[in-house]
Structures are given as structure tokens and as C-alpha cells.
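Asks: I'd like to go over a predicted model; first the sequence, then the structure.
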Amino acid sequence: MNNSFALRRRNDLIMAAVLTAAAACMPFLVKDVYVQNIMVLTLMYAALSQSWNILSGYCGQISLGHALYFGLGAYTTALLFTKFGVVPWVGMIAGGLISAMIALALGYPTFRLGGHYFVIATIVIAEIGLLLFHNWDWAGAALGIDIPVRGDSWLKFQFTRSKLPYFYFALAFCVVAWLITWWLEDSKWGYWWRAVKDNPEAAQSLGVVVFNSKMGAAAVSAFLTAIGGAFYAMFVSYIDPDSVMSFQFSLLMALPAVLGGIGTLWGPVLGAAILIPLTEVTRSFIGGSGRGVDLILYGALIVAISLARPEGLVGLFSRRKKETAR
Amino acid sequence: MTTQTIVQSLASGLLMGLLYGLIAVGLALIFGLMDVTNFAHGEFLMLAMYVTFFLFAFFAIDPLLAMPLVAAALFAFGAVIYLLVVRFAMRAKTNVGMVQIFATFGLAILLRGLAQFFFTPDYRSIPTSWLGGKTVSVFGVFLPVPQLVGALVAVAAFGALYFFIKKTDFGRALEATREDAGAVALVGIDKNRVFALGWGLGSALVGLAGAIMASFFYIYPDVGASFALIAYVTVALGGFGSVFGAFAGGIIVGLVEASTALILPPSLKSVGIYAVYLLVVFIRPRGLFGSI
């Protein structure tokens, strides 16, 4: 059994390498800027959902407040860049560290809460953050921050002529988030998290330090989410509280993992690959009418998938795998 | 800030709080019955407000008279949603919690989309009604009549619910199913029927709240979202599993909101509610009266 697990992990790695190579060639086949934009967003949400999955999927602490970390990453980067001229790369890391520290500070009281009390606490904390940014004049309050264009360069992470650099950064971000998850899956932390998720009392009695496990997952998850926020700020070059910290983002991070398969390695990638293009396409082709057809399709799809495939879409693949193995 | 202003704010806070309690109690009832949180609860409220609006617009029925009709319509709607969606979500073998969260959440988006499609995103309001726009003065404190009636309806609804759960056969069946759904099947109670009626009852209660709110609040497809978060906080503050915790939770939320608005800028008034929720659950992780 141990052997087949090692084999599966090696196959995952090969598959990831093949998919990454294929994705890296995509921009040469698809020149359309609109489609490239969707590809960037898909990769970004895949990575964000992978980050969310670490805390909520593997460790079982359902967070619907990850928009807080996303927003903190975006704001730290944008504020450092516009107010102090600090390059986004530094802002990105700073945002990640700030988010991780805030996740630890918030985790200290909130991880004592169970079930719905925890979920509602995460929503409420993110809402407080949103309201504070709405009223914080130095950070642009409700008007937000316009990031000035200072010329195309990797140092300043600004590109006006082509979306390709953003695409490759998003791809790298997605690969790194995937690799971290892949590595964590077979680490001491990975086993602890799954034990905490399945039965915290039993895990505790077997020597798992439940509280520290949750704190570790929260820090890693928040750090990666903030990196995504920092990237998004530079990608869209304009942020305001609602566009980076609203509840909508918390859901958009959770949904791909849920649809693809929560607590699985491939779930977030698969979920994002289906959901994000669908969202974008319905929004731009049907949503423009303002009549909510995009919402109808989107809502119906979520209901349908969660009823028909509660374990997520990756279940479709693993079943076929089992059958061929027999 | 004079004593007059403070009393005035707290009085309107109390009325709004009772209404929050009425909005939240359906959520608390359904959760207590079957451990399911309806993330489309705000959209149920939105539908109730539209039903009230259309009864007024097409049949000139005053919101006050429309209350029982709206409650009946929502009762049917809630029961149907249970039978068509929630029943299947509960069958999931793995992570039932997540499945029901996202199934009801998807339902919320779907309902919002349908409302935009059929009712358009326009803001609507009921311009003239028996209650709308009137105020009464009680010991020098001005109270808006719609909120006052809403608060009275909320108190009456909680009283009726208490009687219903404690004294009627169906109420006892609800309690028993909540304790042990497997055991009640052995004594001949159909679990699905009780759950469907529970969803109907919970939705009918939010229907009452919607009918009242339609007479003093704008009606639009997204109206439910802001009230839904307050409703979740209200239920959690009172404690999941406790229907009357929602009553107490509503009053606290209303008073806290009004007092925050006295101290902080109006745009930050919800921060007070959220902060009090966090404070309460950090001290009492199961809310004020919670058992689960």
C-alpha cells in the first residue's frame, strides 16, 4: 500500500510537469488578449484555491474570510509601491508575512471555536477588515488606490504591452502552490492536518498538537493567499476595498476546491479550470444584459455539482483509475 | 449627545433588534432541527419582500393584510426547497457540512439571478401603506410605526412559536426528530415530512419579517445579502440549537448597532455587531444559550 502511495505521488508529479509544460505553450497558440486574460485569472484562482485548500480542505477549518488575506496582500503591495516606491516583489513578501502574522494572531482565539461558529467568525473578521479599509483615508478609503504606470519592467512588475509576463507569473504561482501542497501532503504536517480534520479528539490523544497544526496551516494558507492578492493588484493596477476584500472573493477562492474536490491535490486546479472560464464567459457574453442570466447559470451549476458530485469532480478521475488498475 | 438622543437611538435599536430576531428565528429553527445552515436565508427574505410588493402592486393589498399570505407562500416555498434541494444535499456520504453550505449558497445565487431576470435590478418600494412613513410619540420618544408593528409581530411570533413547540403534537415531533431522527422513524414519524414542515415553518417566519420590511425598506434582488449576515451573527450569538437564543441575539444586535452608530461614523455601525459577536464567542464558544 505504501508502495502504491509513493507511485501515485510520483505520477502526480509527472502529470504536473506535463500540464505545466502544456500550459506554458498555451500563449503561443492563443494570441487573443481576452482569452489570455481568462487564462491568467484561471491560474490565479487555481493557486488561491490551492492555498485555501490547505487550511480548509486538508486541515478542515472552513474559512469564508480569506478575502482578508487577499486584500492585505493587494493593499500592502499597492501602498508600499505608490507611497514609498518600494518594488512590488518586496511588497508581495511583506504582504505575505503581514497576512501570516495576522492569521496567527486571529487563529489564537478563533481556533477554539467549532463548526459554524468558526465559519461565521471568519466571515465577520473579513467584513471588519473591509469596513476599516473603507474608512481608512490614508489608504484611499472607498475610492481605492490607482497604481500609476511607471513603464514596462520585471523589477516594477508592470507590463502594459503584453499579458505574457503576468501569465507566466500566475503559472509559476500556481505551480509553487501545487508543489507546496504536494510536499505537505506527505509531510508530518499533512498527516497531522488530516487527523485534525477527521477527529480532533482522537488526534490529540495520539499526540498531535491540534492547536499548533491549525496555526501552521493558517499561516501557510494566509501567506500564499496574500501573494495572490499582491499579484492581482499589479495585474489590474487599480484596487478598492470591495474589489479585493469583499465576501465574493472568499467564495471565489473556496468554490474551485469544493467543486473540484475539497482536501485533494488536484481539486482546486480542476475546479478553477472549469469554473473560472465559465464565470468569465457567462459574465461577458450574457451578463452584460444586466438580467442575471450569468447568476442563474452559475448558481444552478453550483447546486447541481454539489448535489450530483458531493466529493468533487476529481472523483470522476480516481474512479476510472481504480477500474483500470483492476 | 443628550439623554434624549441616546434613549431615542436605543428605542429604535430595540425595535430593529426584535425584527432582526424575527428574520433570524427561521434560520435558528432549521439549524436546530437538522444541523443545516441555510445560506439562502437572505434570498428567502428578498422573495418575501417581492411577494409583498406584487400583492400590493397588482391587488392593492396592504402589507399588513398581506402578512398571512406572504407567510403561506414562503411556507410552501421552504418546504419545496427542502424536498427538491436540501434533502439530496443531506444524502452526501462525505463532507455533508460543505455540501449543504455550497448547495444552499448556489441556491442563493440562483434565486438572486432569477429575481434580476424576472423582477429587474430596479429598486422598488411601497409608496403608501397603512403603516409606512408614520411615527408615534411614546413619552417623548418618536417611534416609526412600521418598525413598532414589526417588533410587536416579532414578539407575538416568538410567543406563538414557543407555544407551538412545547404544546402541539407537531412541535413535539419537531423536538423529537431533532433529538434523534433515527428513533422517531421507529415510532412512525416520517422524518422527511417533519423536516419539510420545519423548512416551511422557518421560511414562513422569514416571510412575516419580509412583509413588514417591505413597507419601509427598498426592495431589490440583493437586499437579502446584508440582512443574511446579520441573521447568521444573530443566530450564532444566541447559540446554534436555541430558537429563543435568536430572540435574545436579535435584541442584542439591534441595541449594539444603535449604540455603535452613536459613537462611530454610520458606515462603521456593523463593526460593533461583529465585534460583540467575536467577544461573545471568544468567552462562550457556543454562543449565549447554545447547546451544539
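Replies: In hand now; what should we look at? Numbers count the residues shown, from 1 in each chain, chains lettered A, B, ... in the order given.

Asks: alpha carbons of the worst-scoring helix or strand of chain B on mean pLDDT, as PDB, please.
Replies: The weakest-scoring helix or strand in chain B, judged by mean pLDDT, DSSP states H and E, is helix B:181-186 (a mean of 77). In PDB, the C-alpha atoms belonging to helix B:181-186 read as follows (Å, rounded to 0.1, in the frame of the first residue of the first chain):
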ATOM      1  CA  ALA B 181     -34.100  11.300  13.700                       C
ATOM      2  CA  GLY B 182     -33.500   7.500  13.600                       C
ATOM      3  CA  ALA B 183     -35.600   6.800  16.700                       C
ATOM      4  CA  VAL B 184     -38.600   8.800  15.600                       C
ATOM      5  CA  ALA B 185     -38.800   6.700  12.400                       C
ATOM      6  CA  LEU B 186     -39.400   3.700  14.700                       C
END
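
Asks: next, count neighbours for B:R87.
Replies: Neighbour count of B:R87, defined by other C-beta atoms under 10 Å in any protein chain shown: 15. No exception for glycine: its C-beta is placed from N, CA and C like everyone else's.

Asks: one more: the one 10 residues further on?
Replies: Residue crowding around B:G97 was assessed by other C-beta under 10 Å; the count is 16.

Asks: got it, and A:A24?
Replies: 14.

Asks: what segments of the chain are helices?
Replies: Because you didn't say which chain, this covers chain A. A:2-29, A:33-53, A:67-84, A:88-110, A:115-134, A:164-185, A:188-198, A:200-205, A:210-236, A:241-245, A:247-260, A:267-285, A:293-308, A:314-325 (DSSP state H).

Asks: I was thinking of chain B, sorry if that wasn't clear
Replies: Ranges of helices in chain B, per DSSP H, are B:3-34, B:41-59, B:63-81, B:87-89, B:96-119, B:145-167, B:169-179, B:181-186, B:191-213, B:223-238, B:243-263, B:269-283.

Asks: A:F111: which of those helices is closest?
Replies: helix B:269-283 (11.1 Å; C-beta to C-beta).

Asks: so which bits of that closest one are buried?
Replies: By neighbour count on 16 or more other C-beta atoms under 10 Å in any protein chain shown, the buried set for helix B:269-283 is B:269-274, B:276-278, B:280-281.

Asks: tell me the one among those residues nearest to chain A.
Replies: B:Y274 (4.2 Å; C-beta to the nearest C-beta).

Asks: check the gap between that closest one and B:G290 for me.
Replies: Separation of B:Y274 from B:G290 (C-beta to C-beta, to the nearest Å) stands at 18 Å.

Asks: on that earlier part again, using CSV, lay out the helices of chain A together with mean pLDDT and distance to B:A157.
Replies: CSV is the format used below for those (pLDDT from 0 to 100; distance: least, C-beta to C-beta, whole Å):
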stretch, mean pLDDT, distance to B:A157
helix A:2-29, 84, 55
helix A:33-53, 92, 39
helix A:67-84, 93, 35
helix A:88-110, 92, 33
helix A:115-134, 91, 24
helix A:164-185, 91, 48
helix A:188-198, 84, 39
helix A:200-205, 82, 38
helix A:210-236, 92, 40
helix A:241-245, 89, 35
helix A:247-260, 86, 29
helix A:267-285, 86, 39
helix A:293-308, 83, 30
helix A:314-325, 57, 43
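
Asks: A:P148: which of those is closest?
Replies: helix A:67-84 (6.9 Å).

Asks: buried ones in the closest one?
Replies: Quick answer for helix A:67-84 (16+ other C-beta under 10 Å): A:67-81.

Asks: same for that helix, what does it pack against?
Replies: If contacts are counted by 3 or more C-beta pairs under 8 Å, 6 or more residues apart in numbering or on different chains; DSSP states H and E, helix A:67-84 sits against helix A:88-110, helix A:115-134, strand A:145-146, helix A:210-236, strand A:238-239, helix A:241-245, helix A:247-260.

Asks: can you redo the ones you listed as a markdown table with mean neighbour count?
Replies: Listed next are those as a markdown table, based on neighbours: other C-beta atoms under 10 Å in any protein chain shown:
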| stretch | mean neighbour count |
| --- | --- |
| helix A:88-110 | 19 |
| helix A:115-134 | 21 |
| strand A:145-146 | 17 |
| helix A:210-236 | 24 |
| strand A:238-239 | 18 |
| helix A:241-245 | 22 |
| helix A:247-260 | 25 |
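
Asks: need these in JSON lines (columns: distance to A:F169).
Replies: JSON lines is the format used below for the helices and strands packed on helix A:67-84 (distance: least, C-beta to C-beta, whole Å):
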{"stretch": "helix A:88-110", "distance to A:F169": "10"}
{"stretch": "helix A:115-134", "distance to A:F169": "25"}
{"stretch": "strand A:145-146", "distance to A:F169": "20"}
{"stretch": "helix A:210-236", "distance to A:F169": "6"}
{"stretch": "strand A:238-239", "distance to A:F169": "17"}
{"stretch": "helix A:241-245", "distance to A:F169": "17"}
{"stretch": "helix A:247-260", "distance to A:F169": "18"}
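
Asks: among those, which comes closest to B:Q147?
Replies: Closest approach to B:Q147 among the helices and strands packed on helix A:67-84 is made by helix A:115-134 (24.1 Å; C-beta to C-beta).

Asks: close to chain B, is that closest one?
Replies: Yes: using C-beta under 8 Å from any C-beta of the partner chain, we find that helix A:115-134 touches chain B at A:115-117, A:119-121, A:123-125, A:127-128, A:131-132, A:134.

Asks: got any ranges where chain B has weak pLDDT?
Replies: Counting by pLDDT under 70, chain B shows low-confidence ranges at B:1, B:93-95, B:291-292.

Asks: please name whichever of the helices and strands packed on helix A:67-84 is nearest to A:M44.
Replies: Per C-beta to C-beta, nearest to A:M44 of those: helix A:210-236, 5.9 Å.

Asks: the closest one vs helix A:33-53, what angle?
Replies: Here the directions of helix A:210-236 and helix A:33-53 differ by 170 degrees (axes from the mean of the first three to the mean of the last three C-alpha atoms, to 10 degrees).

Asks: which phi and psi does A:L313 have?
Replies: Main-chain dihedrals, A:L313, degrees, to the nearest 10: phi -70, psi -20.

Asks: does it really touch A:I274, like I thought?
Replies: Yes: A:L313 lies in contact with A:I274 (C-beta atoms under 8 Å); the separation is 7.2 Å.

Asks: who's more crowded, these two?
Replies: Legend: neighbour count by other C-beta under 10 Å for A:L313 and A:I274, higher for A:L313 (19 against 16).

Asks: returning to what we had before: ok, so of the buried residues of helix A:67-84, who is nearest chain B?
Replies: A:L68 (12.4 Å).

Asks: what's the closest non-adjacent residue to the closest one?
Replies: Distances taken as C-beta to C-beta, 6 or more residues apart in numbering or on different chains put A:A126 closest to A:L68, at 4.1 Å, once the chain neighbours are dropped.

Asks: which ones are touching that neighbour?
Replies: For A:A126, the contact set (C-beta atoms under 8 Å, 6 or more residues apart in numbering or on different chains) comprises A:64-68, A:245, A:247, A:250.

Asks: check the gap between the spatially most central residue of chain A and A:G229 for me.
Replies: Among the residues of chain A, the one closest to the centroid is A:L48, at 1.2 Å (C-alpha atoms, centre = their mean). Separation of A:L48 from A:G229 (C-beta to C-beta): 9 Å.
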